[in-house]
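>>> can't give you the sequence, but here's the structure:
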């Protein structure tokens, strides 16, 4: 990584990681010969990686500093992109339990928001 950073000082670590992951996944997709369905899975894995990368970055600092992480805004778009792709992939494969899991992940944010609002409306004992 240091070798790349010396030669390309404006390139961010996450960009190098993303390119590496995309290359590995693309190689697997091409070699597999499975066609379009494999590419849907490839993009699902890629956006899962990107979501995890941002989430990991947010988890690196103390809670007060997390809001200053410049890529934090990408967390939701990556989340929805990966889940829509996973749903497409699982539906296409007929992987119904995995599809149900994706539906649960998609609904989790709404559930947590509703639950937090309910909890805050309860009287303090």
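Cool, got the structure. Computed from a predicted structure; not experimentally measured.

>>> Which residue lies nearest the spatial centre of this protein?
In the chain, the C-alpha closest to the average C-alpha coordinate belongs to residue 51, at a distance of 2.4 Å (C-alpha atoms, centre = their mean).

>>> Nearest residue to it in space, ignoring adjacent ones along the chain?
residue 78 (3.9 Å; C-beta to C-beta, 6 or more residues apart in numbering). Where C-beta positions appear, they are placed from N, C-alpha and C, glycine not excepted.

>>> which stretch of helix or strand covers that neighbour?
helix 75-93 (DSSP states H and E).

>>> Past that helix, which element shows up next along the chain?
Next helix or strand after helix 75-93 toward the C-terminus (DSSP H and E): helix 96-121.

>>> Distance from that following helix to the middle of the chain?
Distance, stretch centre to chain centre, for helix 96-121: 17 Å (C-alpha atoms, centre = their mean, to the nearest Å).

>>> Any buried residues in it, and which?
Across helix 96-121, burial judged by 16 or more other C-beta atoms under 10 Å covers 99, 102.

>>> Counting by contacts, list what it packs against.
Using 3 or more C-beta pairs under 8 Å, 6 or more residues apart in numbering; DSSP states H and E as the contact test, the elements touching helix 96-121 are helix 75-93.

>>> Which parts of the helix it packs on count as buried, going by neighbours?
Within helix 75-93, the residues that qualify as buried are 75, 78, 79, 81, 82, 83, 85, 86, 87, 88, 89, 90, counting by 16+ other C-beta under 10 Å.
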